[in-house]
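Asker: Show me the folded form of this:
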Amino acid sequence: MTSILKFTATPRSRHPKNYPQAYSQALHKYSEAYVNPGKWGIQITHTLANERDALKAKIAKINPNPNKPNFEKILAAKMVLITELKAIEAVLNGYEIRFSVQQGGGFSKKTAINAYNPVVEVPAIGTYTVSISAKKNSGQESSSSSKVTFQDILIVSLGDSYAAGEGNPDKPGKPSDVMVKYADQSAAKTLLSVKEDISSITSQVPNVSPEQHFAEWQEPLAHRSYRSGHSLAAEQIEAKYSDIQLVSTFLPFSRSGAKTDEGLIRYNAGKVYNERRLFLTKKLIGFKKRISEYERPGSLDYLLQTSQIDEAKATVKNRKIDFLVLTIGGNDIKWSTNLNNLIESDSEFSITISLFGKEIVEIPASAGGSGDAAGRALLEAAINLEMVKLPQKFEALNQEIRKTLNPRFILLTEYPRGFFGITDQNGNETVRNGCGIFDTIADADIDFADARLIRDLSDRLNAELKKAATLHGWIWVDGIAAEFGKHGYCDKNTYFVSAEKSFKTQGDWYGLLHPNLKGHALYARRISDKIKETIRANVETFRPRPGIGTLGTDVVLGL
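Answerer: Presented below is the predicted three-dimensional model:
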């Protein structure tokens, strides 16, 4: 049986998803208490009490049915667990457990008796001695202690929709039946049928069913969530390095649609889309909930009229940024617009489809039905035209970051290697033609030659980004493109959000061709690996300085 004196003590996570008041959607800003906290938490866990709670949960899930096979075997297994639980409870009932947390000769806090898993608030980062006292009912007392050294680092995220988490809302929406109808795979292949039924869709907007709800975001006007790769990485670096435990204050400012110049350095004046929110109102009779929807111009750029860099500086003030993580460049080469041009060049006649009063598909007739070859030439020329501007843009970006934010370390990530790669039967990467929405009406599709060109242009973009990272002394986050190359849009284990999934989970198609949770998990691993390597190589930089924030009080917590 585990010793009565055994416990663990670790700093409580600082990830903002664990702090509901960290960010205000109403004010569109982070709270000062989160950015520059006046207290931190040390989570203490009593090992034996934790085992007791785990056993209770396990026993509760075992429900032997005398009318089913193996009843006696299952019942016997449950009784073994109950016996083990009673033995643990007998030990715990024989002691009074109390924890204390101290720093030097100044700060001291004690918990209430038998508060087995308390969070003790401390006033500063640093080294603390956490002690346990176990007093027997007979009066005999024993104790044990250990030291906890922790540091809080600041991670800031800037970038575009890939950084923000577009396609992965914090809480997916639940679509109406009509939305489901037009989001399924077969309907995607016959989009013309949507045009015939627009009135039935529009009629459902003012009063949708109570069961329907729309996606919830950390920041709706940026389509930013805590399920992005940047956010997941900030969680993953909270660990022990040498003798130091690190927690991370994470501040994402990324916005869907951002570019280096319009978005990061200056705000993106052209980024406006309709914000969709729900309001619950109670009728005077019956108190029945009525759900209604409204639309208004939205986007943080439109509302705040300030860049991500300036927003970050106004938020962190004089606090030092330890890691600045960037995913940017895709919108600078106008990927979305140019990909649309590739599709449009396939079409021999004009098609326009609207939903909720907004154009969702526009396929104009190609000039003289020029077809795929002309579309690829147009795409390559347009991308190359924007690509040559990247070095100058990243030079300006580096200067602005160094001047305004001056972080310790800057990371720049790769983008996926194309969108239509798959894993072949030998486990290697290959490309295939489009599927679903990219294998639709009027030859508006992605064929093999299109897919290969998209892959090659993605490689060129990443090569330019890597050059910029090397030139400006940034940390290059690689290992992303190659993995995405095997798990494209049409792969059975895709890392991308489909048109159908985007429509169902967030009520629009903005999530199309963005990483899904598997894709963001890959981003998180690669980013966190680079940050961890950097921390280990510079661990003394992150060591807390002694003598900060001590208090000469002895507080008993009633937990």
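
Asker: Please, where are all the helices along the stretch 1-150 of the chain?
Answerer: Using DSSP state H, counting those that start in this stretch, the helices of the stretch 1-150 of the chain run over 32-35, 47-60, 71-93.

Asker: Please convert those helices to CSV, extending it with distance to Ile480, mean pLDDT and mean neighbour count.
Answerer: C-beta here means a position set from N, CA and C on the backbone, and glycine is covered the same way. Converted to CSV, those look like this (distance: least, C-beta to C-beta, whole Å; pLDDT from 0 to 100; neighbours: other C-beta atoms under 10 Å):
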stretch, distance to Ile480, mean pLDDT, mean neighbour count
helix 32-35, 29, 96, 14
helix 47-60, 37, 96, 15
helix 71-93, 45, 94, 13
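
Asker: and Pro16, which of those is closest to it?
Answerer: Among those, helix 32-35 comes nearest to Pro16, with 6.4 Å by C-beta to C-beta.

Asker: Identify whichever of the helices of the stretch 1-150 of the chain lies nearest to Ala215.
Answerer: Ala215 sits nearest to helix 32-35 of all those, at 23.5 Å, using C-beta to C-beta.

Asker: just to revisit the earlier point, out of the helices of the stretch 1-150 of the chain, which gets nearest to Thr149?
Answerer: Judged by C-beta to C-beta, the one of those that comes nearest to Thr149 is helix 47-60, at 20.9 Å.

Asker: Contact partners for Phe496?
Answerer: By C-beta atoms under 8 Å, 6 or more residues apart in numbering, the residues touching Phe496 are Pro416, Phe419, His487, Gly488, Tyr489, Leu513, His514, Pro515, Asn516, Gly519.

Asker: Out of those, which one has the weakest pLDDT?
Answerer: Ranked by pLDDT, the contacts of Phe496 bottom out at Phe419, which has 88.

Asker: what kind of secondary structure is that one in?
Answerer: coil (DSSP: H, G, I helix; E, B strand; the rest coil).

Asker: so it makes contact with Leu457?
Answerer: No: shown here, Phe419 and Leu457 do not form a contact pair, counting by C-beta atoms under 8 Å, at 10.5 Å.

Asker: quick one on the thing from earlier: reformat the helices of the stretch 1-150 of the chain as a markdown table; add distance to Asn398.
Answerer: Shown next, in a markdown table, are the helices of the stretch 1-150 of the chain (distance: least, C-beta to C-beta, whole Å):
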| stretch | distance to Asn398 |
| --- | --- |
| helix 32-35 | 25 |
| helix 47-60 | 48 |
| helix 71-93 | 58 |
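
Asker: roughly how far apart are the residue nearest to Ser143 when sequence neighbours are not counted and Tyr116?
Answerer: Excluding the flanking residues, the one nearest Ser143 by C-beta to C-beta, 6 or more residues apart in numbering is Ser133, at 4.8 Å. Using C-beta to C-beta, to the nearest Å, Ser133 is found at 13 Å from Tyr116.

Asker: shared neighbours of those two, anything?
Answerer: Ile97.

Asker: so who does the residue nearest to Asp160 when sequence neighbours are not counted touch?
Answerer: Nearest non-adjacent residue to Asp160, counting by C-beta to C-beta, 6+ apart: Ala258, 4.4 Å away. Ala258 is in contact with Leu158, Gly159, Asp160, Ser161, Ala163, Leu264, Asn268, Lys271, Gln308, Ile328, Asn331, counting by C-beta under 8 Å, 6+ apart.

Asker: Which single one of these is nearest to Lys532?
Answerer: Among those, Ala163 lies closest to Lys532 (C-beta to C-beta), at 19.4 Å.

Asker: how deep is the closest one tucked in, by neighbour count?
Answerer: By the measure other C-beta atoms under 10 Å, the count of residues near Ala163 is 28.

Asker: Kindly report the same for Pro69.
Answerer: Neighbour tally, Pro69, other C-beta under 10 Å: 8.

Asker: Show me the strands in the stretch 51-200 of the chain, by range?
Answerer: Under the criterion DSSP state E, counting those that start in this stretch, the stretch 51-200 of the chain carries strands at the ranges 95-103, 107-110, 119-122, 126-136, 141-159.

Asker: Name every strand pairing with the third one and say which way it goes.
Answerer: Neighbouring strands of strand 119-122 in its sheet, by DSSP bridges, are strand 40-46 (antiparallel).

Asker: same deal with the last one?
Answerer: When pairing is defined by DSSP bridges, strand 141-159 lines up against strand 126-136 (antiparallel), strand 244-252 (parallel), strand 323-327 (parallel).

Asker: Show me the contact partners of the shortest one.
Answerer: Around strand 323-327, the neighbours that count as contacts under C-beta under 8 Å, 6+ apart are 153-160, 162-163, 229-230, 233, 254, 401, 405, 407-413, 415, 474, 523, 527, 531, 534.

Asker: and which of the contacts of Ala258 is nearest His15?
Answerer: Distances from His15 to those, taken by C-beta to C-beta, are shortest for Ala163, at 16.3 Å.

Asker: low-scoring stretches of this protein, by residue?
Answerer: The model of the chain has pLDDT under 70 over residues 1-2, 175-213, 274-297, 341, 343-371, 440-444, 545-559.

Asker: in it, what residue sits furthest out from the centroid?
Answerer: Centroid-distance maximum for the chain: Ser138 at 52.2 Å, with C-alpha atoms, centre = their mean.

Asker: how much space between the residue nearest to Asp160 and His520?
Answerer: With C-beta to C-beta as the criterion, Ala258 and His520 are 17 Å apart.

Asker: Would you mind giving the strands paired with strand 141-159 as CSV with mean neighbour count and distance to Ile480 added?
Answerer: Below are the strands paired with strand 141-159 laid out as CSV (neighbours: other C-beta atoms under 10 Å; distance: least, C-beta to C-beta, whole Å):
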stretch, mean neighbour count, distance to Ile480
strand 126-136, 18, 36
strand 244-252, 23, 18
strand 323-327, 27, 9
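
Asker: looking at those strands, which is closest to Lys78?
Answerer: Closest among the strands paired with strand 141-159, using C-beta to C-beta: strand 126-136, at 29.9 Å.

Asker: Can you get me a residue count around Pro515?
Answerer: Neighbour tally, Pro515, other C-beta under 10 Å: 29.

Asker: Over to Lys320?
Answerer: Here the number of neighbours of Lys320 (other C-beta under 10 Å) works out to 11.

Asker: can I assume it is in contact with Leu154?
Answerer: Yes: between Lys320 and Leu154 a contact is recorded at 6.7 Å, counting by C-beta under 8 Å.

Asker: Kindly tell me how buried Arg432 is, as a neighbour count.
Answerer: Neighbours of Arg432 under the rule other C-beta under 10 Å: 17.

Asker: these two touch, right, it and Phe448?
Answerer: Yes: contact criterion C-beta under 8 Å: Arg432 and Phe448 qualify, at 7.0 Å.
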